[in-house]
Structures are given as C-alpha cells and as structure tokens.
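Asker: model the following, please.
(2 chains)
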Protein chains: 2
Amino acid sequence: MGYYKDLRDHVKALEANGKLVRIKRLINKDTELMPLVRWQFNGLAEEQRKAFLFENVVDVKGRRFEIPVLVGSHSSSKEMYALGMMCAPDKIMDKWTEAQLHPIEPRMVGDGPVHEEVHVGDKLLEHGGLEEFPVPISTPGFDNAPYFTCANWVTKDPETGTRNIGNYRAMIKSKTRTGIFCASHIQHLYVHWQKCKRMGKPLQAAIVMGSIPALGYASVTKFPYGVDEYAVVGGVAGEPIELVKCKTVDIEVPAAAEVVIEGELPTDAMEREAPFGEFTGYMGEKSLSPYFNVTCITHRRNPIYSAFLSQFTPSEASVMSCIGREATVLKFLRHDCGLPVLDVALHQSCGSWHYCVVKMKLGHPAEAWQALHAVAGQSPRQGKITIVVDDDIDARNPDSVNWALAWRMMPDRDIDIIRGRVAPMDYSAKPPGEPEHFNVTGSSALLINATRKWAYPPVSLPKKQFMERAKQIWEEQGLPKLTPHEPWYGYTLGYWTEEDEQEAELALQGEHFQTGEKYARERNRSR
Amino acid sequence: MGYYKDLRDHVKALEANGKLVRIKRLINKDTELMPLVRWQFNGLAEEQRKAFLFENVVDVKGRRFEIPVLVGSHSSSKEMYALGMMCAPDKIMDKWTEAQLHPIEPRMVGDGPVHEEVHVGDKLLEHGGLEEFPVPISTPGFDNAPYFTCANWVTKDPETGTRNIGNYRAMIKSKTRTGIFCASHIQHLYVHWQKCKRMGKPLQAAIVMGSIPALGYASVTKFPYGVDEYAVVGGVAGEPIELVKCKTVDIEVPAAAEVVIEGELPTDAMEREAPFGEFTGYMGEKSLSPYFNVTCITHRRNPIYSAFLSQFTPSEASVMSCIGREATVLKFLRHDCGLPVLDVALHQSCGSWHYCVVKMKLGHPAEAWQALHAVAGQSPRQGKITIVVDDDIDARNPDSVNWALAWRMMPDRDIDIIRGRVAPMDYSAKPPGEPEHFNVTGSSALLINATRKWAYPPVSLPKKQFMERAKQIWEEQGLPKLTPHEPWYGYTLGYWTEEDEQEAELALQGEHFQTGEKYARERNRSR
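Answerer: Below is the predicted model of the structure:
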C-alpha cells in the first residue's frame, strides 16, 4: 500500500481507525470550535484524543460556511502521528531518520486538483478572498483575529533557489492580506525575506493548507538550512510528492493540496502582528513582522479547511512538533555525533523545546557531557534544561527523571550553566515589550549529567519472580485492574556482593538468624 | 467524637470507609505479602489504594501465625492519612500546625491493655521471643532478614530526660536481638545513644508497634530536637495520650498499643546491619550500627502486627513521611520565618526529601530567595533541589513545575548551588562502601527561583466563559468524560493593555479587519 495521496485519504484512515469525531451540530468557529477541541487536551488521556471534523460552521456574524473545518487530524496523540506516518508508534524516530538519510525528490506534474478552482486577478474576491475560509479564533478572549495555524509557507532562497517549507501562524488582516510571525534569524523564511530585502524585491510565497500529513509534520520540524522538505516528505512517503507550479508566483505546491494561497511579502515595510496564544503557555506579544499580500487563491472543489490546535501545551501542535524535533535531535546525536543515545524526550509541558532529556547507555563517562554539549551545539534554542539519564530511566516520565536528578546528580559536580543562547518568546529572558538587547548575554541553559557515576546498590523492589507471583495472587483475589509502571521489580546496578546475595537467599529460607550470629561474632568495638 | 482510642478503632474506621482489604487466603509473609501490597503502589491510582489485613499468614518454613498482619493502614493515600488524622485532606497541614503550636501533654495511667500479656525474665521466650510475630520480608531477593518497619522507638536524652519517638527499621537478628539503622547525627535516637556512650552506659529503649495512627505519623516526621512527640500527638488527638510505664526500662509507652518490645542498646559495640530496601529507590548498604537486646515483650491479647510498606517510592512510608515533612516545612516557613507560603510539596518520586517545591504569593521579590535559604536553613538534608514557584503553579504536579522552570527561570540569574549539606543514603554523594569523608564538601543543593520576575502576557487558553460553554457542548455531544486539569482557561498576569483587550473584543465581533486596517495605517518602514 502506498502513502496517503491526499488529505481525504488520510481522513478516511482516521475514520476507519476510530480516530475521527464528526460534529454535525452548528458550531461557532470563533467562540466554540477551538475551546471544544481544547478540552480533549485538558481533560482526556492522550490515547482518547481524536480529530474533529466540524461540518456545520458559522461565525460570530451568523455567516454559514460551506467549507468544513478539520482540527487535530495530524497528531492529537502519538498514535495518530504514527497513523499519519504509516508506521508503528515506536518506529516513528527510525522512519524520520531514514527519510532524512534517503530523501526522494518531488516530481513536477502539469495540473492537479488544487487548481480545480482558481480565484485570481479581477476574480480574486469572487468568493470573498480569505473570507471564503472558516478560520477559527484559537484563543477567544485574547487573540486579536482569526489566524491560519496550519499554514505551510513555501518560499525560496533568492540567491540559491533552495526551497523551504515552514509552519508560521498568519493573522487574517483583510480579505487579501495576512500577517506572518517569523521575525527571527533562526527561521529560514526570514533568512529568505532578508536576502530579498537586500536585493530590493519582495519575497514570493505560497501557503499550502490541507495536504498529506507528512508535509505538516515536516513543516513544524527544524531541518538544517537548505534541506528540501518536499524531498524529506518523499522519503517518508516512499515515493515522490507530485507538485504543480503556482499561478502567480514561482513556487511549487502539492498538486493534491486542498487550498493554496499565493502572494508576496513586501520587504520595504513591516506591520504589527499578534497577540496570539502561543505554545509557551503565554500569549505571544505584539511585534513588527513581515506581511503577505494575496495574489491568487486556488483550491479543490469542496475543500476541507485544516487547522492545528496550538496554544498551551499539550496541544496538537505540541505533540507534533515534539515528535519531529525529537527525531531530528536523536538522528543528530546518533548519526552525526556517534553517541549511544537510546531516546530523546522534549517534554511537551515545556513547549517541546526547553526541557530535553537524553537517555543513554554510556560507553565512556565522557559521553554524557559530549551529549549535553552536542544538544547545545545543534541549536541555540533547544534544551534550556538538558538532562542526560541512564538507560533504566523513563526519559518521558517527569517523576522518573526527577528520581534520577535526586539520587544520581550532585549539583556542584554535575551541572553547568551556559550563556549566549536564544529563547524566542521566553519572558524569563526579558520582559515583554523590551528590546532583544535587554539581556545582553542572551538566554542561558542548564546542562545536567544525571547518570550514575559509579556502581549503585540494586533498586529497592522485590525481585521479579516475587512480583510476578504476587500479581497472580492479586488477580486471583479479584483486586482492581493493575496498570504496572516501571520499575516494578528490583534489579542490580553493579554494587552487590556474593555475601549480599547469600544473605538474601538465607533470609528466604528463614535462616536469617545465621546472618545475625555472624554479625554478633564479628561485632566491632564501637567507634 | 473523640480521636481513635487504639489501632482497632482505626481498623474499624478503615473498614467502614471501604479502605480495608481482608486477605483470608494463606499468604507467605516472606515471599508474597509485601510484593502483593507493593502492586497497589506500582499499578493503581492513589485513590484506589487501601490497607491490607492478612489473616492467615505462614513463613517460608511453613510455620503458621496466630497473629494477623496489617499493612498500609497509615497512609497508602493522602485520603487515608486524612482519615487517620480525622480531618479533610486539605486540612492536614493546618492540623499539624495547630498540634505543634498547641501540644497536649500525655497522661500516665496505672495499667493498660498492652500489658495483657507479658513475656519477661525466664518466660521471655515462652512464645518464641521475637519469633512470635509474623514480620514480613520487605524486599524478597535483596533484604537480608525480616525487619520491623513500623517500629516506633521511644528513648530519652540521658542528661535532660527529654523523650524522643522515631521510626527506625530493625533487622531481626535473633529471638532476642534486633539491629537499628540510626547511625547519623541528624537522628535524635543516635544523639541519645552517643550521650549514653560517653556516660559509659547502655541506652534504654522501647519499640511501640500498633498504636493510634497519629503516633505513626509523628514518628516519621522530623520535629526539632526536644519536642515530645507524645504531646504533639495529643495535640492532634485533642486529648492527652494515656501512657503506662514499661516493665523493665524507664520508658513510657501508649497504654493501648498492640505490642511493645523493651530492651537496651549497648553503647560499647556496634554490629553490621542491612542491606534493606530503602525509600531512595536503592538498597541501603551494609554499615555498622547500634543493636538492641530485648529484655521484655508485652502485648494485647490477640494482637495485630503492623508493618509499613516502604522501599521504592511511592510507598505507604513515602506518602506518610512526605505529608508530615511538608507540614513541618510549611509551619516553619509560615510561622517561624513569616513567609507568604501557600503550599510545600516534597515530591515522593524523590524520596520526599530531595525535591522540594515551595508555592508562594510573593509580597516582595526577595521573599523567593528568603524561602530558598530558609528551606536550606531548617535542615541540612531536605531540598537537594528546592524550587520556589508562583501561586498559579501546581507545586505537586511535576509537569506544572517544569513549565515554571522552562519559562519563568533563567539559569544564569535564578540558580544558586550551595555546599556543605548531608545526604544520607545518597549514592551520588559518594560511592557505596566509601567513607563519609570521600566527599569533603558534603552534599550540595540546587536553589531555584522559578517565579515571574515581572509582568507576563496572559496564559494562552480561551477565556473561562468560552471553555465553560465548550464543556456544555462537549457533554451534550456525549463525548468521553472529562477530567479537567489546571489551568483549563486563560488568565492575565499583568501584561495586557486596553488596546489588547479591545482588539480581542473586536475579533469576537468579527471586526478584526478594523485591527488589520489600523496596522496597515501605521505600517513602519522595515528596519
């Protein structure tokens, strides 16, 4: 079976797997839609989360939309992400690594469904321009407009022609104009914009909305500058992505996308943008950013409008960006630094950037610090708190990581603080409204080696056979259903002698008085 | 209604509240008993946990015991701790503070049920000495003997006569001899022992097992040296605790206790003790400690033997010591340091010692650091990682604390590392088997101020009314039952202007193009 050919294929798969909720009642896209989906992130276990398809949408002015809204389809849970990648949840990391190591170039085709309807020139506003689409307000009460949240921006480096695809929010400013939040040098679109500015010309762009899921995953994942996301997506799909030329700009877009918005970002001026609810858990503050003038709108017949649920984590966006980023960090540590890394967990509670746990089976003690510096060296932004843990720690469970911090880490020996980092939207670096240079040393980061530095005594739980036997009795007695969590039995960690083992064995024979007698015989004069 | 008059009263209350499981099948105390109860800590939600009464107990040699074993009665959950304190779960802290501020002295009585059976002198061994009691092996496969885990040791300062009650594990070494693990200067019994040693005499002691729950809670809680735990327990009970004199030592014990073991700790010699599974998550290593020679055993008719489930956290012992310690830290910070502290959480994942989160509503920014130093100043042992958070953070939820660390803390500004601490059983301080002076600077600690240093934008969630409305729709649509977790709606944190509010209001009227036009009018030349 090939990869999904378009969004509709993916929606069918979601429904077939019981991962789609169809809401047929009237829903207000501005006040009700996102809060409803938000509840599953603040009130359900991850495995219960689904995609929502709203089939009957109105806005605050009572206007009804023909176009349905799909939210949460990409990655409301890791299981749904795996469905989108067409692999088992535990194979996602491998699949990303393979796709990066073996990308497949996209293929140009002459025409595609995305051009079934074209609004351009005199007819740009024939269906209302951007008002044709039921764009929800993400954070009603705080957001200053509806925003595209699922906008995959395609631009090119004006010097090299290298393509970039990135997800950037877009404030709806008029029927033919949006904002974009990208005013930082660590964002590749902004690099393109600055080059165009120096060349005295606008930056052409196309916004792709509603495509195959891997494109969405790739657009929120940071690949090195110059990597063509279409080729990586092809690597995930196992076949070339089919592209068509845009109608008014020199950009290629997926032939089977639901909606494409073409246009230009002027480079001679900027506009205010935001507030918008961000993944940090706080409203993103107003700032000057580029803006986008629409030149053409194309879409399939009866298009589906897609949105990501973002804002406070966990959210669809946090699940998605978390997994993608973990995959790129893991690939980097394993393949580019040659480190024995077993797992990388970017905790969603911290915006999937700021709390990075690297799980390792150390070959040499120095590999712990090598990994800490490598995470810092891959990006100036990730891992404000980076922690290396041993292979028996669950890097994804904050209690397990804290257990490692408590008993395997000594602060004055195992911690370094590094400076000169960036922390976009981190209000602990500078107060909102203050200029970047408020904090001249940049943001800082905490690197922590929470691995065992020497042999430890065994983990203090009964040996496996006793826990297994007790579980049989538990079930035989009809006690409540167990959900075992790790560790559930004791294991050795290098410090355990023959004598210790013999004494434990004697105790299990009821012969512990022999040990007591031995201790009495060798009784020491007290110090 | 008065407080529980004895353990039997408490067991009735547990059963009446659906918090007792009676196990009538044959259970091997050495291989099956503790692993069975352990499962509820590694496989059930906290609110599902109960006490277990084993009515039909054998040992590995096939010996049957008349005496039943009660495990988990004190505090398998916070709810059960509250039941033992006779208050609501959210009043536990207040009740401890009141009891410390208003202790009630115990009352001596002539006789009591604990003396219904007395084994002393020639008859010390008439029921087998310590073998009369079905003492379970806590960590089968690693522990070197059965240990008393629920042993409340009563001793007196030989110079001042001040009493201390503390819970110390006791390895069963013979029919008339146990170990004790207390060889540290931060333990009050060891202070008594050292004074006796200097005076050239043994330390008298009585082990109390099976009393009112408040005595168990007090025995695992660190009160300042010299505080009489019986009086604090009286403060909890709201009435004096009735005590009787021991038969062979100058010690007072509760008249209604199930079992009392009297004896002496020689001070001219020590013995090896352990390994025993400890709360740190690792086996406690063998070391030299005092030992205890039994001179008399007294108990009620048909006594109940009580044990704590300890070892790896969470456990009954960790729930219990956690709550008691939190209460003493909270009382200290609030009453003795005058700080506006709302909550203190000693995370059980870290042994209820090493990870201390203090939740405050700061009056002045300096109070955050005052609190950090106060926690360090109250004890050289608690809070290896101590974090102050704001009043909107859930100090007990590691994800919420990590969210604060990620976005409200800047490492190079908000962290201090302090030295010269102690860390008993912390193998990150020194390898097991090495002497204390391996680490000459002592253990170190990490103090972190994770409060907001200035005004922040609002939390990025829809305003309350939209989340409430969405919840109605959620329920109307028959979607899965929600368990909301905090925060579930957005709130302001000081940085939010009139203009921001007006723009959000316009967006909710569908008039966000007005904002877009305003931004276009004031469009700046790009920098």
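
Asker: send me stretch A:134-151 as PDB with only the CA atoms.
Answerer: The C-alpha trace of stretch A:134-151 is given here as PDB (Å, rounded to 0.1, in the frame of the first residue of the first chain):
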ATOM      1  CA  PRO A 134     -13.900  29.400   8.100                       C
ATOM      2  CA  VAL A 135     -10.700  30.300  10.000                       C
ATOM      3  CA  PRO A 136     -11.300  29.800  13.700                       C
ATOM      4  CA  ILE A 137     -10.200  32.100  16.500                       C
ATOM      5  CA  SER A 138      -7.800  29.900  18.500                       C
ATOM      6  CA  THR A 139      -7.800  31.700  21.900                       C
ATOM      7  CA  PRO A 140     -11.100  33.600  22.100                       C
ATOM      8  CA  GLY A 141     -10.900  36.400  24.600                       C
ATOM      9  CA  PHE A 142      -7.200  37.100  23.900                       C
ATOM     10  CA  ASP A 143      -6.400  36.600  20.200                       C
ATOM     11  CA  ASN A 144      -6.800  39.700  18.100                       C
ATOM     12  CA  ALA A 145      -8.100  37.900  15.000                       C
ATOM     13  CA  PRO A 146      -8.600  34.500  13.400                       C
ATOM     14  CA  TYR A 147      -5.200  33.100  12.400                       C
ATOM     15  CA  PHE A 148      -4.100  30.400   9.900                       C
ATOM     16  CA  THR A 149      -2.500  27.800  12.200                       C
ATOM     17  CA  CYS A 150      -2.000  25.100   9.600                       C
ATOM     18  CA  ALA A 151      -0.200  27.300   7.100                       C
END
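
Asker: let me know whether it sits next to chain B.
Answerer: Yes - counting by C-beta under 8 Å from any C-beta of the partner chain, chain B is contacted by stretch A:134-151 at A:I137, A:T139, A:P140, A:G141, A:F142, A:D143, A:N144, A:A145, A:P146. Heads up, the C-betas are built off the backbone N, CA and C, glycines and all.

Asker: what's the helix or strand for the fourth one?
Answerer: A:G141 belongs to no helix or strand when elements are defined using DSSP states H and E.

Asker: where does pLDDT dip in chain A?
Answerer: Judged by pLDDT under 70, chain A has its weakly predicted residues at A:1, A:525-527.

Asker: okay, now the domains of it?
Answerer: As given by automatic domain parsing, the domain ranges for chain A are A:86-307, A:337-449, A:464-521.

Asker: possible to save those as TSV with mean neighbour count?
Answerer: Listed next are these as TSV, based on neighbours: other C-beta atoms under 10 Å in any protein chain shown:
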stretch	mean neighbour count
domain A:86-307	21
domain A:337-449	20
domain A:464-521	16
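
Asker: could you dump these to TSV with distance to B:D250?
Answerer: Converted to TSV, the domains of chain A look like this (distance: least, C-beta to C-beta, whole Å):
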stretch	distance to B:D250
domain A:86-307	60
domain A:337-449	40
domain A:464-521	26
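
Asker: all helices of the stretch 301-450 of chain A, in order?
Answerer: With DSSP state H, counting those that start in this stretch, the ranges of helices along the stretch 301-450 of chain A come out as A:316-331, A:366-378, A:398-408, A:411-414.

Asker: cheers, nothing more for now.
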